[in-house]
Each structure stands twice: as structure tokens, then as C-alpha cells.
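Engineer: Structure for this input, please:
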Amino acid sequence: FDRTLCGYTFSKSYAMTGWRLGGVVGPTWLVEQVTKINTNDEACTTHFIQKAGVTALTHPEALKFTEDMVEKLEERRDLLAAEISSVKGFEPIVPESTFYMMVNVTEAMKMMSINNIEIFRKKVLSDTGVSFCTRTHFGSAIPGESVQFVRFAFSGVNLDTIKEVGSVLRPYMDGFAQ
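Structural biologist: Numbering: from 1, shown residues only. Coordinates of the predicted model:
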């Protein structure tokens, strides 16, 4: 593992998104290179963010907070997976540890006779109000890539909103079923 880095941030574990606090572990020569880039990119982490990180690691209630947050996210994830699984043409990949869910929509696009993922995204959004990101939001497709994925986020939504996604998408996609 002489070229392997393991990164860690407080963003997800302690709900400190945007605070740019974390670290990396790996071979000294590689960590030194990362440090050069990171220091210039972020110009060091300010004192109150460092103190918040220490509090997150040492406060007696921090572990309980994290456990409660994970429990809520697992409940949302499981509900979203159930709702998405019930929509024709949508096949979720249930994640173990994130608050995003990738969904294979290749069949849904075929049902709608659409071969462009961005056209699919815009049509679903326009027709249903359901929003998600596509592969194009995360970089270019690999040559020969034929499976189409979208990404749903379930971090900042409540259970009723997740149920609504299913109740809106089910009849919508049923309209394209033959």
C-alpha cells in the first residue's frame, strides 16, 4: 500500500459539511504532497473549526448524536429504497454508508424512448417535480458505458417527502409501461 491514502472528514460523521476539517493517512512522501496542495487550497483551518473538531471527538454526547443521525439516515435510506424499488424502470443500489442513492434508470429511459440522461432528468423534473442528479454532474461517461444512473439525496428530507417521491413516480412511470 505504498501509494494508498485514506481520507477522513468531519463533514459527514459530525454534520460539519463545508467546514473543511479532516485528515489523510498514508505514506509520508504522499501525505507531504497532499499537504502542499491542501495548505494552498484551503489556507489552513481556522481556530473555531479546529475547536469544533476537538469537541466532536471528545464531547460525551457526540457519539450519541452521531448514532442518532446514522439511525435517521438509515431509516430514510430504507424507505427511499422501498419507494424507488416500486417504480417501474428504477433499480436502486442501496448504499451501506452514505446519504446518496444511485439508481439505475436505463430501463425507465427505454420505456420513455429517451436515450439522453439529461433529457430524461429534465423531463422527469418538469413532469413530476422530482429532482435528482445524473452521471453528467460527476464527470464524463466512460467510453462504451451503457447503463444510466441518477443520484438521489436523502440527507435533508423527511420521510413524508421520500414517500411522495414514490407516490409521484409510480403512476408517472406506469403511464409509460406497455
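Engineer: In the protein, mark out all the helices, start to finish.
Structural biologist: Under the criterion DSSP state H, the chain contains helices at 10-13, 28-42, 47-58, 62-85, 106-111, 117-128, 159-174.
Engineer: Determine the set of other helices and strands touching the shortest one.
Structural biologist: Same thing as helix 10-13. Helix 10-13 makes packing contacts with helix 47-58 when contacts are defined by 3 or more Cβ pairs under 8 Å, 6 or more residues apart in numbering; DSSP states H and E. Placement of C-beta: from N, CA and C, glycine included.
Engineer: on that earlier part again, among the helices of the chain, which is nearest Arg20?
Structural biologist: With Cβ to Cβ as the measure, helix 28-42 is the member of these nearest Arg20 (5.4 Å).
Engineer: thinking again about what came up before, export the helices of the chain as TSV, with columns for mean neighbour count, distance to Val150 and mean pLDDT.
Structural biologist: Converted to TSV, these look like this (neighbours: other Cβ atoms under 10 Å; distance: least, Cβ to Cβ, whole Å; pLDDT from 0 to 100):
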stretch	mean neighbour count	distance to Val150	mean pLDDT
helix 10-13	17	21	77
helix 28-42	11	30	78
helix 47-58	13	32	88
helix 62-85	16	10	93
helix 106-111	17	9	97
helix 117-128	15	7	96
helix 159-174	16	11	97
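Engineer: Perfect, I'm done here.
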